[in-house]
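J.: Turn this into a model:
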Amino acid sequence: MAITKDKKRDIVAKLTDAFKEASSVAFVSFSKLTVKDASRVRKELAEAGVRYYVAKKTLIRLALRQRGYEGEVPELPGEVAVAWTTVEADTTAPARGVYDLGKKLKGAIALIGGVFEGAFADAAKMTEIAIIPSLEALRGMFANIINSPRARFAIALSEVAKTK
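T.: Numbers count the residues shown, from 1 in each chain. I've put the predicted structure just below:
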């Protein structure tokens with residue numbers, strides 16, 4: 001059944017609003033995705049603060065053109081969905097969430113591109129962004145680095161105390 005023009009306008013308006021509030025956007029290719037897996041994708045992305053929406057490619061391209069990102073829209077083969085986060089959220093979350101779910105679901109979904117820092121990015125760049133640890137993990141790593149010299153100093157003092 002064909003989508004009416006009013007419904008198409010609503011979808012483009014929704015996507016345009018989403019892209020205006022988005023800090024980053026990931027384009028998701030999905031195939032052979034069961035209903036159970038699709039529900040899992042939506043649930044896990046929502047828990048990470050990522051919104052997920054499936055739309056026709058022509059409507060996605062139209063909304064992207066209206067937003068006016070830099071560069072060329074990457075190729076969008078097959079069935080496509082869009083995942084995005086708001087400005088307040090972690091900007092790497094959409095790419096990381098889709099990448100992790102793609103590994104869990106054995107390739108049923110995959111990153112095919114996206115928008116990062118106001119410019120289009122291909123699948124390779126979005127994959128690089130996806131492997132960046134979350135903000136909380138980076139903070140933990142930083143705290144560990146800051147604490148490491150103190151811990152080593154305490155161990156050294158302990159060893160000196162044992163010998164005397």
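J.: can you give me the helices in the chain?
T.: Counting by DSSP state H, residue ranges of the helices within the chain are 5-21, 35-47, 57-67, 93-104, 123-130, 135-163.
J.: for those, which one sits closest to Ile112?
T.: Closest to Ile112 of the helices of the chain, according to CB to CB: helix 123-130, at 5.2 Å. (Each C-beta comes from the backbone N, C-alpha and C, glycine too.)
J.: what's that closest one packed up against?
T.: strand 22-30, helix 93-104, strand 109-116 (3 or more CB pairs under 8 Å, 6 or more residues apart in numbering; DSSP states H and E).
J.: What count of nearby residues applies to Asp90?
T.: 19 (other CB atoms under 10 Å).
J.: Next up, the contacts around it.
T.: Contacts for Asp90 (CB atoms under 8 Å, 6 or more residues apart in numbering) come out as 49, 134-135.
J.: tell me the pLDDT at it?
T.: Turning to Asp90, the model gives it a pLDDT of 81.
J.: Was I right to think Met126 contacts Val115?
T.: No - between Met126 and Val115 there is no contact under CB atoms under 8 Å: 9.2 Å.
J.: Which residue ranges make up each domain of this structure?
T.: Here the domain assignment for the chain is 5-132, 134-164, based on automatic domain parsing.
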